[in-house]
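In: predicted model and sequence below, questions to follow.
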Amino acid sequence: QVQLVESGGGFVKPGGSLRLSCAASGFTFSDYYMSWFRQAPGKGLECISYISQGGSDIMYADSVKGRFTISRDNTDNSVYLQMDGLRAEDTGMYYCAKRTRAPHFGGPGTLVTVSS
Amino acid sequence: DVVMTQSPLSLPVTVGQPASISCRSSQGLVYGDGNTYLNWFQQRPGQSPRRLIYMVSKRDSGVPDRFSGSGSGTDFTLKISRVEAEDVGVYYCMQGTHWPWTFGQGTKVEIK
């Protein structure tokens, strides 16, 4: 069974940084693309980034390009999201997902709050 | 970006009755590998999203068979054959064919 445990969220001031982590289990991590999604309070879902199995294929949504960096460690079965230059509009719940074109969520998410 | 338009946005249903949600995309969703990456998600109140259907009509493991997906081109449908109380929540369609992937606005299913 796919299990994904997101962590690293918290409260940060505008311009600050956070590093989110997602620990995966229940599947062969190195065989799959991984993705990060987010959901602003009371709003819909947005895919913000994905990374291929070996890290050579990476994409970002325009809303985070140049500020966020996705990475993964296949020896540790983890995917990361380094978030710099945070803005109020980055506030929300962040979820990682197995795959990207047909994502499979499996964790509770981690809450990021950006406020002065 | 591909715009995904769901209807209705609110769907009050009686337990045991069928329900249907429409999702239309602004572009065709057939990818170069021949697959159509149209997915459906359920988000119960206070919970993470759960994938119900992927690639138009493939039901995820553990999803009750009262849920079904259909469609092609730019028109897709999620059907619940007989709504149960546990089906309350918001349902989203999502396309994974054209980057950036995009979601519909969500359809809130509630029990009458």
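Out: Happy to help now that I have it.
In: count the neighbours of the closest residue to chain A within chain B for me.
Out: Proximity of chain B to chain A (Cβ to the nearest Cβ) peaks at residue B:96, 3.3 Å away. To be clear about C-beta, it is placed using only N, CA and C from the backbone, and glycine gets the same treatment. Close neighbours of residue B:96, defined as other Cβ atoms under 10 Å in any protein chain shown, add up to 25.
In: report the contact partners of it.
Out: Contacts for residue B:96 (Cβ atoms under 8 Å, 6 or more residues apart in numbering or on different chains) come out as A:100, A:101, A:102, A:103, B:37, B:38, B:39.
In: hmm, 10 Å instead?
Out: Contact analysis of residue B:96 by Cβ atoms under 10 Å, 6 or more residues apart in numbering or on different chains lists A:35, A:47, A:50, A:99-103, B:29, B:31, B:35-39, B:54-55, B:102.
In: what pLDDT does it get?
Out: Here, the pLDDT recorded for residue B:96 equals 98.
In: so what touches stretch A:85-92?
Out: For stretch A:85-92, with Cβ under 10 Å, 6+ apart as the criterion, the contacting residues are A:9, A:11-18, A:37-43, A:45-46, A:48, A:63-64, A:66-68, A:83, A:109, A:111-116.
In: hmm, try it at 6 Å
Out: A:12, A:14, A:16, A:38, A:39, A:40, A:67, A:113, A:114 (Cβ atoms under 6 Å, 6 or more residues apart in numbering or on different chains).
In: what's the burial count for residue 9?
Out: Going with chain A. Neighbour number of residue A:9 under other Cβ under 10 Å is 18.
In: sorry, should have said chain B
Out: For residue B:9, the count of nearby residues is 13 (other Cβ under 10 Å).
In: same question, residue A:8
Out: Applying other Cβ under 10 Å, we find 16 residues neighbouring residue A:8.
In: look up phi and psi at it.
Out: Dihedral angles of residue A:8 (phi, psi; degrees, to the nearest 10) stand at phi 100, psi -10.
In: before we move on, what about residue B:85?
Out: The phi/psi pair for residue B:85 (degrees, to the nearest 10) reads phi -60, psi -30.
In: what sits against the residue in chain A that chain B sits nearest to?
Out: Nearest residue of chain A to chain B: residue A:101, at 3.3 Å (Cβ to the nearest Cβ). Contacts for residue A:101 (Cβ under 6 Å, 6+ apart) come out as B:37, B:96.
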